[in-house]
Each structure stands twice: as C-alpha cells, then as structure tokens.
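S.K.: here's my sequence, what's the structure:
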Amino acid sequence: HDEVFQIWRDEFDAIHEMGGLFNLVMHPQFTGRPSRLRLLHRMIEHITSQSDVWIATGHQVASAWDQANPK
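M.R.: Have a look, this model is predicted:
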C-alpha cells in the first residue's frame, strides 16, 4: 500500500504546486476494502495538512469556476 500512497501523494503534491485541481478517481471494485479505506484516510490526512486546499464536490468546483469566469 505504501507504493500506491506514494503515487497518489506525489501526484497531489505536483498538482498542488501548480495550483491545479487534484481529482482522485477510485473504483469501488478495487477500493471498497478496509485496507484501502485506511489508505484513502491517509491520503485525506496528507491533503488536509496543506493550509490552502479546498475539498469540494464536482458541482461545487463547477459552480466556483462559473462564478470566476462569467460568460
């Protein structure tokens, strides 16, 4: 699991440095297991350790983008 965490963490860190959107896609057939839920918890802890992140739904992100970029 450490290898998967490192991949996720490195991807988040690189996108965070660029000021981009990190979208972690998790398929239930692979992630719906207790050990993998612990891995997700660890990733959420890493993400929320940053003071300037926003965890949001896709709808919230789209609404914020629409407000920032009026037509």
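S.K.: C-alpha only now, for contacts and for neighbours.
M.R.: Fine.
S.K.: what helix or strand is Ala62 on?
M.R.: According to DSSP states H and E, Ala62 maps onto helix 58-68.
S.K.: nope, Ser35 is what I was after
M.R.: helix 34-48.
S.K.: just how off-centre is that helix within its chain?
M.R.: 10 Å (Cα atoms, centre = their mean, to the nearest Å).
S.K.: also stretch 63-71?
M.R.: Distance, centroid of stretch 63-71 to centroid of chain: 21 Å (Cα atoms, centre = their mean).
S.K.: kindly report the same for stretch 20-36.
M.R.: 10 Å.
S.K.: now do the same end-to-end measure for it.
M.R.: 25 Å (Cα to Cα, to the nearest Å).
S.K.: could you list the buried residues of that stretch?
M.R.: Using 16 or more other Cα atoms under 10 Å as the test for burial, stretch 20-36 gives Phe22.
S.K.: now for the lowest-mean-pLDDT helix or strand in the chain, which elements pack on it?
M.R.: The least trusted helix or strand in the chain, going by mean pLDDT, DSSP states H and E, turns out to be helix 28-31, with a mean of 75. Helices and strands touching helix 28-31, by 3 or more Cα pairs under 8 Å, 6 or more residues apart in numbering; DSSP states H and E: there are none.
S.K.: how many other residues sit next to Ile47?
M.R.: By other Cα atoms under 10 Å, the residues close to Ile47 number 19.
S.K.: likewise for Glu11?
M.R.: When neighbours are counted by other Cα under 10 Å, Glu11 comes out with 14.
S.K.: how about Gln6?
M.R.: Neighbours around Gln6, by other Cα under 10 Å: 12.
S.K.: and the angle for the helix or strand that contains it with helix 34-48?
M.R.: Using DSSP H and E, Gln6 falls within helix 2-18. Interaxial angle of helix 2-18 relative to helix 34-48 (axes from the mean of the first three to the mean of the last three Cα atoms, to 10 degrees): 20 degrees.
S.K.: now helix 2-18, how far from the chain's geometric center?
M.R.: 9 Å.
S.K.: got it, and stretch 60-67?
M.R.: 17 Å.
S.K.: can you count the residues close to Asp10?
M.R.: Neighbours around Asp10, by other Cα under 10 Å: 12.
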